Every structure is written in structure tokens, then in C-alpha cells.
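1. Here is a sequence together with a model predicted from it:
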Amino acid sequence: MKNTAKSADTEIDMSISSSLNELTSKELFKKYALTKKIEIRNELVNRYLYIADILSKKFLNKGIDYEDIYQVASLGLIYAIERFDVTKGYEFSSFATPTIIGEIKKHFRDKGWSIRVPRRIQELSKKINVTKSTLQQTLQRTPNIKDIAKYLNCSEEEVIEAMEASQVYSPKSLDLTYDNDGDDKDMQLLDIIGDFDKNFDEIENKDFLKKAIEKLNEVEKKILKDRFFNSKTQVQVAEELQVSQMTISRMEKRIIEKFRKELAKSME
């Protein structure tokens with residue numbers, strides 16, 4: 001029974017597909033506007049996927065794989081089909097193209113940068129690329145930072161910032177090799193990148209603690225040493241100094257507050 005039902009469904013699908021194939025695109029759009037049937041939309045998508053393919057190839061070698069671009073373009077095609085009004089008299093290809101390109105560009109803007117940078121920097125980076133080509137023809141030479149800043153009416157610092165940020169758009173592979181001045185073995189980019197040294201933090205912390213402790217009085221130094229280095233309790237320290245435990249607690253808080261103030265100063 002199940003096989004019979006599946007066979008019947010297949011025949012129905014083939015019949016629907018065959019009848020849709022016989023309709024013109026204009027007829028399909030009219031029919032889809034009235035019924036919103038998924039079978040009609042799928043037929044329209046199949047007929048116009050070539051537009052998504054053509055437009056996707058215009059964005060090759062820009063840091064994102066073709067498959068991802070094509071997927072976004074196909075989604076843009078579906079958006080265009082949903083919004084298209086055949087009664088307006090426009091050709092669908094003319095209507096779909098800016099919609100698909102808009103989706104692709106939005107994808108590049110949101111996903112193309114390997115490190116997220118502010119939107120204003122991304123937009124300025126695009127303007128700089130266009131400006132370089134324009135000024136190259138106008139000045140008959142390679143434009144410098146000052147030329148670009150003047151043309152875009154922005155500061156030279158902003159131009160430099162955007163140009164440096166644009167380097168994260170297409171990061172270099174760590175497996176990239178460099179000629180090692182004639183030596184037999186080439187170097188990889190991974191081999192020449194500096195590594196984080198934990199000792200730097202340790203040295204900075206020791207230096208900070210030393211300077212902060214020097215500003216404490218003798219009683220505060222003893223409390224700090226006994227409580228945090230010798231692991232004595234507040235009661236033990238209070239007995240040695242012949243004061244109350246509450247006094248030791250208050251002095252501890254005072255010492256910690258001094259350290260916080262010194263840390264804030266060091267970070268200014």
C-alpha cells in the first residue's frame with residue numbers, strides 16, 4: 001500500500017511539474033501571485049538560477065567561497081520572486097539583479113571581514129579602493145595618503161586606519177612560505193610570528209606590587225605579609241599587634257583600596 005501511495009504521489013508531482021513547464025514565466029508569476037504555491041515558486045527559481053550563478057561569479061576571489069556566495073545569491077533570487085509584480089511591466093531579470101547583488105554585498109559587509117571592525121571603517125575602506133583607481137587616472141601616478149584624504153574630505157589618520165583595517169578582509173594563511181635567503185628550508189609565516197610571553201605579565205605584576213608595597217607603612221606591610229604570604233588568620237595577626245580582629249579587617253580593606261588606586265593610576 002505504501003509503495004502504491006508513493007507511486008501515486010510521484011505521478012502527481014510529475015504531472016504538476018509538466019503542466020508548469022508548459023506555462024510561460026509571465027503566466028507563472030501571475031499564478032504564483034494568486035496561489036503562493038511552493039511548486040510554482042520552485043519552478044521560477046529553477047528557471048532563473050542562472051542569474052544567481054552569473055552574479056555570484058562576479059564576486060569570486062574576494063575572500064569568500066563561491067558556494068557561500070551562490071547560496072546567498074539564490075536566497076536573494078527567492079526574495080526577488082516574492083516581491084516581483086508582473087503587472088508593472090518590468091523584466092524579471094532587471095528586477096532581480098539589484099536585489100541579488102544587494103544580498104551578496106550585505107553578506108560581504110557582515111561576514112567578509114575576518115575581524116569585526118566598525119561599519120564606518122568598512123565603508124571608508126570601500127571608498128578608498130574606488131578613490132585609488134580614480135586618482136591614479138587623474139594624477140597619472142599612485143596617489144598618496146594626503147591625496148586620498150583630500151579627495152574624500154577626511155583626515156589622513158582616518159585613511160591610514162581604514163587601509164590598515166582592510167588587511168583583515170583577506171588574512172594570510174599561517175602556512176604561507178617565504179624564501180629563506182637561499183637556505184634549503186623555506187620559512188613559514190607561522191615560524192616568524194611572535195608568541196605571547198607569559199613572563200611579561202609576571203614581570204609587570206611584580207613591578208606593580210613592589211611599588212605599591214613601598215607606599216605602605218610598617219604595620220600595613222606586616223598585615224599584608226602575614227595575611228597573604230604567611231597565611232595567618234586575622235585573629236593571629238590581631239593578637240601579635242595587640243588590636244582587635246575588626247581593626248585588622250578594616251586595615252586589610254584599606255590596603256586593598258590603596259592597591260586599587262595604584263592600579264588605576266598605572267592604567268592611565
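-> Perfect, thanks for sending it. Being a predicted model, the structure only gives us computed values, none of them experimental.
2. switch to C-alpha atoms for all contacts and neighbour counts from now on
-> Will do.
3. Can you give me the pLDDT of the residue of the chain positioned farthest from its centre?
-> In the chain, counting by Cα atoms, centre = their mean, residue 242 sits farthest out from the average C-alpha position, at 60.3 Å. For residue 242, the pLDDT comes out at 92.
4. Phi, psi for it please.
-> Backbone torsions for residue 242, taken as degrees, to the nearest 10, come to phi 60, psi 50.
5. quick check: domain ranges of the protein?
-> Per the record, the chain has its domains at 2-111, 119-192, 200-266, by automatic domain parsing.
6. For those domains, which has the smallest mean pLDDT value?
-> domain 119-192 (a mean of 73).
7. Helix, strand, or coil at residue 231?
-> Using DSSP: H, G, I helix; E, B strand; the rest coil, the secondary structure recorded for residue 231 is coil.
8. count of neighbours near it?
-> For residue 231, the neighbour count with other Cα atoms under 10 Å is 10.
9. again with residue 148
-> Per other Cα under 10 Å, the neighbour tally for residue 148 reads 22.
10. Pull out the buried residues from the helix or strand it falls within.
-> Per DSSP states H and E: residue 148 is located in helix 145-152. Neighbour-count burial for helix 145-152, counted by 16 or more other Cα atoms under 10 Å, picks out 145, 147-149.
11. Going by distance to residue 205, which of these wins?
-> residue 145 (40.5 Å; Cα to Cα).
12. Which residues are in contact with the residue lying closest to that closest one once chain neighbours are set aside?
-> Leaving aside its sequence neighbours, residue 145 sits nearest to residue 156 (Cα to Cα, 6 or more residues apart in numbering; 6.1 Å). Residues near residue 156 by Cα atoms under 8 Å, 6 or more residues apart in numbering: 145-146, 148-149.
13. Of these, just say which sits nearest to residue 23.
-> residue 148 (54.3 Å).
14. show me what contacts that closest one?
-> Counting by Cα under 8 Å, 6+ apart, residue 148 has contacts 128, 131-132, 135, 156, 159.
15. Just flag the most distant two among these.
-> 135 and 156 (15.8 Å).
16. quick one: the helix or strand just after the helix holding residue 148 to helix 145-152, angle?
-> Using DSSP H and E, the helix or strand that follows helix 145-152 in sequence is helix 156-165. For helix 156-165 against helix 145-152, the angle by axes from the mean of the first three to the mean of the last three Cα atoms, to 10 degrees is 100 degrees.
17. which stretches of the stretch 1-150 of the chain form strands?
-> For the stretch 1-150 of the chain, strands defined by DSSP state E, counting those that start in this stretch do not occur.
18. Look up how far residue 236 lies from the residue farthest from the centre of the chain.
-> To residue 236, residue 242 is 10 Å away according to Cα to Cα, to the nearest Å.
19. Please tabulate the contacts of residue 156 in a markdown table, including the columns distance to residue 76.
-> Below are those laid out as a markdown table (distance: Cα to Cα, whole Å):
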| residue | distance to residue 76 |
| --- | --- |
| 145 | 37 |
| 146 | 39 |
| 148 | 34 |
| 149 | 35 |
